[in-house]
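> Next one to model:
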Amino acid sequence: MTKFWDNIKKFPRFLLSVIAGFFLTTFQTIFELLKEKNKRLTTSIIMITLIGFITIVLRHMLGIK
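Residues are numbered from 1 along each chain as shown. This is a model prediction of the structure:
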């Protein structure tokens, strides 16, 4: 039973490292794209459009006007 509780104690550290790894790998790719001048405009437009779309969807889902 102590092995079970040892595993439970390790879970928050594991979860934090997985979340940090996800964001680091995602943002590293985006920053690499922003370094190239010809891809900077396209990447920026896609990110702004995606953020705007998510905002509109969340406002409609939550009933915020």
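> Relative to the whole chain's centre, how far out is the helix or strand of the chain with the lowest mean pLDDT?
Using mean pLDDT, DSSP states H and E, the weakest-scoring helix or strand in the chain turns out to be helix 2-35, at a mean of 90. Centroid separation for helix 2-35 versus its chain: 11 Å, with Cα atoms, centre = their mean, to the nearest Å.
> Give me the helices and strands touching that helix, please.
helix 37-62 (3 or more Cβ pairs under 8 Å, 6 or more residues apart in numbering; DSSP states H and E). Backbone N, C-alpha and C define where each C-beta goes, glycine included.
> Show me what counts as buried in the helix it packs on.
residue 43 (16 or more other Cβ atoms under 10 Å).
> average pLDDT across that helix?
What helix 37-62 shows for mean pLDDT is 93.
> same for it, what does it pack against?
Using 3+ Cβ pairs under 8 Å, 6+ apart: helix 37-62 touches helix 2-35.
> any idea of the angle the helix it packs on forms with helix 37-62?
Interaxial angle, helix 2-35 versus helix 37-62 (axes from the mean of the first three to the mean of the last three Cα atoms, to 10 degrees): 130 degrees.
> Mind listing what's buried along helix 2-35?
Under the neighbour-count criterion of 16+ other Cβ under 10 Å, helix 2-35 has nothing buried.
> Could you number the chain from 46 rather than 1 from now on?
Sounds good: first residue 46 from here, last item helix 47-80.
> next one: phi and psi at residue 109?
phi -90, psi 130 (degrees, to the nearest 10).
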